[in-house]
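Q: Sequence first, then the predicted structure:
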Amino acid sequence: MNGPVDTEKGCYTEHGVSGYGVAVRVSRGEPMEDAFIKEFCESIMLSIARKCMELGARCIGHIKSHVRTEAGTVKSDTIGISHGAFSSGQIERPVKELYLAVNSIIQGIKEDAVRTATLDGIHEAADARCLIVEKEREHSYFDEFDFVASKQEFARKLEEQLKEDSTPETGE
Amino acid sequence: MQITQIAGFLGCGKTTLLLVLSRQLAGSMRHKVALIVNEIGEIPVDGKIIEESGLRVKDIGGGCICCEVASSFAKTVYGLYKDFRPDHVLVEPTGVAVPHQVKLAAKMAGRDAKVSMGPAIVLFDATRPAELLDMEMLGRLVVTQLEDADVIALSKVDTIEKTAIEESVLRIRQVNDRAEIINLSSFTGLGVDQLLERILGWKDKS
């Protein structure tokens, strides 16, 4: 698997927002129930948030997760420790394996720090529950984010993009 | 085909509202609805959540639709028009997108497709007004998002006191005194009907 893309030149860093996303497979010999999985995910959310703040973040943009299993899905998120973490969805029956995607978007620290906090948060919560975690893929955020560009300048850049691109980069 | 964006800073409840609005539009109201969700990374969370709803969703990754993948957004809009002809396209940009830039990108698609613009609905998280507006650097972004709004939905009002709602309204009015402000709770349903009325009754002035 490739490492995260260097985003030092990216606008998110420039404007103080950095992000990191990771997809992992989590397993345990003993089946995991709905309540256990939700508590695990909420623990991850708050752990990442706490670690980001300890690393110097000014604000949690959002931290979100999506769990997919053969018996259903669970979504969890937080916008900061004081706001708490919440889950929705349902795992219909206990499962031994789940796929977890986590996205953290944070203001005030660089991408490396968000990556560290996210991975440490996942592993800390997993270790406490004797879960095995295998990383599958990861991504970073980079963009040419410019919210102060004039409308004329923005329209010009759009025209350039349309000329350059011949096929849409979409998925379904 | 009307394009309505549900914008706002990270964590303000855009995905939840998008699902609530689209279920009502596509359900009891029987409108043909398509969703465009923009997540910056390659590992989508919101896209997965919305896919589970069974709605038609286009997930655009790899950048922000208000800037670096704006042309992909324009082409996606045109593709939906050509292949699906929805009555409504609801767009969820990233939490750091600028509504007027998203609107410009959508209008580019309008050169090839018959589209009209719905209201730019901008959510503002009423549980953290100071945290958002006083952020170093990004406070300016939140202000820009509010300035661009046609309708401002004050989200999560079910979780705060009336005085806190009033505080948010006061702060919002300092940057946008023309947009209608609607109190919203996607969980209790407060404000959802009002937002649907604004979407359905919106007259494109562009």
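A: Cool, got the structure.
Q: Skipping adjacent residues, who's closest to A:G61 in space?
A: Of all residues not flanking A:G61 in the chain, B:L10 sits nearest, at 3.3 Å (Cβ to Cβ, 6 or more residues apart in numbering or on different chains). In this view, the C-beta of every residue, glycine as well, is placed from N, C-alpha and C.
Q: how about the longest strand along chain A, does it reach chain B?
A: The single longest strand within chain A, with elements called by DSSP state E, is strand A:17-32. Yes - residues of strand A:17-32 contacting chain B under Cβ under 8 Å from any Cβ of the partner chain: A:17, A:19, A:21-23.
Q: And those residues, which is closest to chain B?
A: Of all the residues of strand A:17-32 next to chain B, chain B sits closest to A:G21, with 4.0 Å by Cβ to the nearest Cβ.
Q: Please name the bridge partners of the residue sitting nearest the centre point of chain A.
A: Geometric centre of chain A, nearest residue: A:N103, 0.9 Å, by Cα atoms, centre = their mean. Note on A:N103: beta-bridge partners by DSSP bridges are A:G21, A:K64.
Q: Now for B:L17: which residues touch it?
A: Residues near B:L17 by Cβ atoms under 8 Å, 6 or more residues apart in numbering or on different chains: B:6, B:123, B:153, B:155, B:184, B:186, B:192, B:195.
Q: Ok, B:M29 next?
A: So B:M29 contacts B:196, B:200 (Cβ under 8 Å, 6+ apart).
Q: which stretches of chain B form helices?
A: Secondary structure of chain B (DSSP state H): helices at B:14-26, B:46-51, B:70-83, B:99-109, B:129-133, B:138-147, B:162-173, B:192-201.
Q: Just want the angle from the fourth one to helix B:138-147.
A: What it means is helix B:99-109. Angle between the axes of helix B:99-109 and helix B:138-147 is 50 degrees (criterion: axes from the mean of the first three to the mean of the last three Cα atoms, to 10 degrees).
Q: mind checking pLDDT for the residue nearest to A:G61?
A: You'll see B:L10 listed with a pLDDT of 87.
Q: A:S166 now?
A: pLDDT, A:S166: 50.
Q: what about A:E124, is that helix, strand or coil?
A: Under DSSP: H, G, I helix; E, B strand; the rest coil, the three-state class of A:E124 is helix.
Q: Mind telling me what element the spatially closest residue to it that is not a sequence neighbour is part of?
A: Leaving aside its chain neighbours, A:E124 sits nearest to A:S47 (5.4 Å; criterion: Cβ to Cβ, 6+ apart). Here A:S47, judged by DSSP states H and E, is contained in helix A:34-54.
Q: ok, and for that helix, which residues are buried?
A: Going by neighbour count (16 or more other Cβ atoms under 10 Å in any protein chain shown), the buried part of helix A:34-54 is A:34, A:36-53.
Q: is it true that the residue nearest to A:G61 touches A:G80?
A: No - with contact defined as Cβ atoms under 8 Å, B:L10 does not reach A:G80; the gap is 10.9 Å.
Q: re the thing from before, let me see the mean pLDDT of the helix holding A:S47.
A: 97.
Q: by how many degrees do it and strand A:17-32 diverge?
A: Using the same axes, to 10 degrees: helix A:34-54 against strand A:17-32 is 150 degrees.
Q: helices and strands around helix A:34-54, which ones?
A: The helices and strands touching helix A:34-54, judged by 3 or more Cβ pairs under 8 Å, 6 or more residues apart in numbering or on different chains; DSSP states H and E, are strand A:59-69, strand A:72-78, strand A:85-91, strand A:95-107, helix A:111-128.
Q: as a whole number, average confidence for the last one?
A: It refers to helix A:111-128. Computed over helix A:111-128, the average pLDDT equals 94.
Q: Now do it: everything it contacts.
A: Outside of helix A:111-128, the residues within contact range by Cβ under 8 Å, 6+ apart are A:4, A:7, A:12-13, A:18-20, A:22, A:24, A:26, A:40, A:43-45, A:47-48, A:50-52, A:55-57, A:63, A:100, A:102, A:104-106, A:109, A:132-133, A:135, A:138, A:140-141.
Q: Quick check: next helix or strand after that helix?
A: The helix or strand immediately downstream of helix A:111-128 is strand A:132-140, counting by DSSP H and E.
Q: Give the pairing partners of that following strand; include direction for each.
A: By DSSP bridges, strand A:132-140 pairs with strand A:17-32 (antiparallel).
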